[in-house]
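In: just need the structure, nothing else, for what follows:
(one chain, ligands or ions: 2)
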Amino acid sequence: MNYNIIGSSSKGNCIIVEDVLMLDVGVSYSKIKKYLSKVKLIFVSHIHKDHLLPSTIKHISFNFPNIKYVCGSEEVVKKLVECNVNKKNIYILKNGIKYDLGLIKVRLIDLYHDVENYGLKWELNGKKGIYIVDTERIDHIVAQDYDLYLIENNYQEKVLQEHINKAIEENDENKLFYLQRVPHTHLSNEQANSFLIENMEKNSVYEYIHKSNYNYKEE
Ligand SMILES: [Zn+2]
Ligand SMILES: [Zn+2]
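Out: Numbers count the residues shown, from 1 in each chain. Ligands and ions are numbered 1, 2, ... in the order given. Prediction:
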């Protein structure tokens with residue numbers, strides 16, 4: 001399954017799968033403009049700006065008014081409508097139901113973040129993929145033998161703990177507050193790996209996404 005990561009961090013997320021499926025729109029319009037004529041469907045996970053950038057959506061809705069959108073929450077619908085997306089092009093998916101949209105079959109996944117957030121499973125050109133980002137945990141998800149896993153790898157548990165210890169030492173309450181929220185809103189490298197070990201088969205491909213440079217140390 002071919003995929004193109006345009007952006008994947010708290011600075012902006014957007015991945016295009018098989019040219020036709022766009023996962024989140026948190027990057028500038030100029031970065032994705034040249035791909036949009038082929039895009040048929042856009043999935044928006046949640047309302048945070050690094051996943052739903054209003055200025056970009058406004059440009060898309062103006063220049064490519066026929067692109068369809070899928071999401072799981074009314075708050076995403078509201079934002080899209082505010083960006084002039086035609087309501088008839090937005091599908092709110094119900095959790096746990098597989099939708100056959102012709103070219104693509106999709107299903108939502110519950111995620112645990114500080115706003116309503118969903119992941120996505122899809123089938124496209126006979127291949128299966130899964131997209132998981134901005135979540136406290138994934139131990140409720142099963143995705144055996146998928147072709148592509150796009151999975152959050154936000155922080156290393158050890159590195160985060162070192163930063164927490166330092167913030168306690170330095171009595172830096174603001175930093176401590178921020179750091180202590182990370183495990184409740186994002187997925188660690190360790191969580192991602194145990195999910196991949198459980199679910200991947202020999203032909204599966206994975207890609208780590210949404211990495212924090214601060215809470216991660218390259219070996
Ligand atoms: Zn994010
Ligand atoms: Zn978020």
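In: which one is the closest residue to ligand 2 within the chain nearest to, not counting chain neighbours?
Out: Closest contact between the chain and ligand 2, by Cβ to the ion, is at His48 (3.6 Å). Heads up, the C-betas are built off the backbone N, CA and C, glycines and all. Excluding its sequence neighbours, the residue lying closest to His48 (Cβ to Cβ, 6 or more residues apart in numbering) is Val115, at 6.8 Å.
In: spell out which parts of this protein neighbour ligand 2.
Out: His48, Asp134 (Cβ under 5 Å from the ion).
In: so which residue is dead centre in the chain?
Out: Val133 (4.0 Å; Cα atoms, centre = their mean).
In: follow-up on the earlier one: so what's the residue count around the residue nearest to His48?
Out: By the criterion of other Cβ atoms under 10 Å, Val115 has 13 neighbours.
In: for it, which three-state class applies?
Out: Here Val115 takes the coil state, with states given by DSSP: H, G, I helix; E, B strand; the rest coil.
In: sorry, back to before: surely the residue of the chain closest to ligand 2 and Asp134 touch.
Out: Yes - the pair His48 and Asp134 qualifies as a contact (Cβ atoms under 8 Å) at a distance of 7.3 Å.
In: could you pull out the strands for the protein?
Out: Listed in chain order, the strands of the chain (DSSP state E) span 3-9, 12-17, 21-23, 41-43, 68-71, 90-92, 99-100, 104-110, 118-124, 127-132, 148-152, 205-209.
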